[in-house]
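Participant: no letters, just coordinates:
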DNA sequence: CTGAAAGCGCTTACAG
DNA sequence: CTGAAAGCGCTTACAG
């Protein structure tokens, strides 16, 4: 089969408008140097023909290469969580590099605000066309976003959102609902006289994600008139010894804890504690498909992991930038990821 | 930023081999009419330079359009399940039609083997380049596959697999493991003295998927020395009245059924029965994210739905054909989908 | 403000 | 068995 006599292209538009294809191209890309009159004439024809540019030809002919910057935490000793988004970026890049798109990845240290600021500054010096950001620090991101907006550089947030910063898109979990799901799973088989423990382990005091999760978690309890009492604890040190010390104390005060919910990926530390203190009958739920967590899933110490497809988030984030920069098509402002439930039985097929 | 002085292309290969680019092109695509000697010389250079063809240029220049046929069940009154794969096909097509790829979709009637055979024949008359199949009927698919192999037309199976037919790839659930997950969820909070009911509702006698699911389901019980007794029932009529009649009888015989597992998407019929007969305390699990099922998820009649991302299956199936036909890259023979767990709390974010 | 011409990296029909 | 030339649908640098 042969290609049909192709749809109307720039040539046909040029012919009808009585101009050269160069001028059509100028209009197509909103470049300056075309009289209003000609511009209107050409735009009318474009609309009339419902012209669809051939992206292959466009990217092949173009000499410009489009650069996307990625600002995400580095994969650390502490967690390999950020490996997944990294893979998502790489997957997307492999698919679109033919189109003359390049990615530059900047890693910051999650325990170091300055490194975030520093890398953000480096990106701005580079004059890139679009940015993918995991906005871990609110105030710092506000400034960064402001600068990007001034320069008209589109940016996409993944993993967590900071609304009202005029990001092109947020692609990540609905944290409130995610906590809600956690509560459902945690109480699904829980005796009414047992207590539920919420554990937040985080060095950062201003962890804004945690709150939405806990709110959703508690909402499930009130929506369902759940009788279980909720106890909560904040632990601001992440090492095992500190966590174990705090938990020992909580379990000492509350003899009848039947289930624990950890608001982030540090659930493996809690799992380790439960195992060491022979409390594996406590149901345990936490976040993220990282190696250390899966180990305890296998062990039956963690019952469920809640995951939000981090690889996909990054992949789709890059694609959203590609859509706007290359395809000139619009992307949705808000894209909530599925709230995946991972267990011992299904984790082997889970693809982040 | 400008494109770097691009990597080596056909021109450079031609120059080094002292031939024209036409000859290089012939070798690149394994066309006849090149002497062994020249061919070898060119191939050596290709290897040496690690030549990567520019797909954009290739597809832009080529006049051939690649046609993919899709053979899937029609969306029926009975189920809108097949809407999802259809969307997956459309999504894939939108992404690659620029490359000169066309899809032709053929729908058959799941309750009519002949329609499957008929559509398969139509496809073969059309001389397409690749095929995506939901292989609902074993014997008929065997013949079809044989013919495709003879003609060297690659085909991909989705939704269910028939091994040993030399498909390019299978993209779909691991049914055994999927049943295993179902058993876990069903027994998670079940009292040991309760019975578990497996329900298979299907007109077709030779439903080969069902067996793998039940096997996995039972395997969970033996692996975990689960004490619950298993009862099973096959229902070969799909209308509500027939199903209700059979179920009434089973529940009459077994007073202590605490949970029911439906091996396919007809779980909504069972949900309807449980609701009507005021047995909603029975835990209920079944398959597929279809409207009728979600309704009962909302109602708390269905506890969990197990889903295998049918949209993604089709999307990836088309992409696999694209990879082989256009990109000339290899795809994995077996691609198991995640076994997703959908509940009342997380379904709103589920994306098939 | 506008156009003619060359070119992006391939493929193809034709001629020999 | 092989090559010269045209062309795919755009973009660009240059000239006016």
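Facilitator: Cool, got the structure. This is a predicted model, so every value here is computed, not measured. Numbers count the residues shown, from 1 in each chain, chains lettered A, B, ... in the order given.

Participant: and the stretch 51-200 of chain A, which residues reach DNA strand D?
Facilitator: Residues of the stretch 51-200 of chain A lying near DNA strand D by CB under 7 Å from any atom of the strand: A:51, A:53-54, A:57-58, A:60-64. Just so you know, the C-beta spots here come from the backbone N, C-alpha and C atoms, and that holds for glycine as well.

Participant: strands of the stretch 51-200 of chain A, start to end?
Facilitator: Assigned by DSSP state E, counting those that start in this stretch, the strands in the stretch 51-200 of chain A fall at A:66-73, A:101-108, A:130-133, A:155-158, A:169-172, A:195-201.

Participant: quick one, strands of the stretch 251-352 of chain A?
Facilitator: A:257-262, A:283-287, A:304-307, A:334-336, A:340-342.

Participant: can the last one be said to contact chain B?
Facilitator: Yes: counting by CB under 8 Å from any CB of the partner chain, chain B is contacted by strand A:340-342 at A:340-341.

Participant: is stretch A:94-107 in proximity to chain B?
Facilitator: Yes: Stretch A:94-107 reaches chain B (CB under 8 Å from any CB) through A:98-100, A:102.

Participant: make a markdown table out of those residues and add distance to residue A:198, pLDDT and neighbour count.
Facilitator: Listed next are the residues of stretch A:94-107 next to chain B as a markdown table, based on distance: CB to CB, whole Å; pLDDT from 0 to 100; neighbours: other CB atoms under 10 Å in any protein chain shown:
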| residue | distance to residue A:198 | pLDDT | neighbour count |
| --- | --- | --- | --- |
| A:98 | 48 | 86 | 17 |
| A:99 | 46 | 90 | 20 |
| A:100 | 48 | 90 | 20 |
| A:102 | 43 | 92 | 17 |
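
Participant: reformat the strands of the stretch 51-200 of chain A as CSV; add distance to residue B:197.
Facilitator: Shown next, in CSV, are these (distance: least, CB to CB, whole Å):
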stretch, distance to residue B:197
strand A:66-73, 48
strand A:101-108, 52
strand A:130-133, 49
strand A:155-158, 43
strand A:169-172, 40
strand A:195-201, 31
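
Participant: who wins for proximity to residue B:152 among these?
Facilitator: Taking CB to CB, strand A:101-108 is the member of these nearest to residue B:152, at 34.5 Å.

Participant: surely residue A:203 and residue A:236 touch.
Facilitator: Yes: in this structure, residue A:203 is within contact of residue A:236 by CB atoms under 8 Å, at 6.1 Å.

Participant: how much space separates residue A:202 from residue A:181?
Facilitator: 20 Å (CB to CB, to the nearest Å).

Participant: then residue A:45?
Facilitator: Distance from residue A:45 to residue A:181, by CB to CB: 52 Å.

Participant: nearest to residue A:80, out of the strands of the stretch 51-200 of chain A?
Facilitator: Closest to residue A:80 of the strands of the stretch 51-200 of chain A is strand A:66-73 (CB to CB; 11.0 Å).

Participant: quick one: residues contacting whichever residue of the stretch 51-200 of chain A sits closest to chain B.
Facilitator: Distances between the stretch 51-200 of chain A and chain B by CB to the nearest CB are smallest at residue A:189, namely 3.2 Å. By CB atoms under 8 Å, 6 or more residues apart in numbering or on different chains, the contact list for residue A:189 reads A:283, B:188-189.

Participant: 6 Å - rerun?
Facilitator: Residue A:189 makes contact with B:188-189 under the criterion CB atoms under 6 Å, 6 or more residues apart in numbering or on different chains.

Participant: what's the answer for residue A:177, then?
Facilitator: Applying CB under 6 Å, 6+ apart, we find residue A:177 in contact with residue A:216.

Participant: try 8 Å this time
Facilitator: If a contact means CB under 8 Å, 6+ apart, then residue A:177 has A:216, A:336, A:339, B:345-346, B:348-349 as its contacts.

Participant: what does residue A:133 give?
Facilitator: By CB under 8 Å, 6+ apart, residue A:133 lies in contact with A:70-72, A:141, A:144, A:155-158, A:167.

Participant: could you pull up phi and psi at residue A:65?
Facilitator: Main-chain dihedrals, residue A:65, degrees, to the nearest 10: phi -110, psi 140.

Participant: this completes my enquiry, with thanks.
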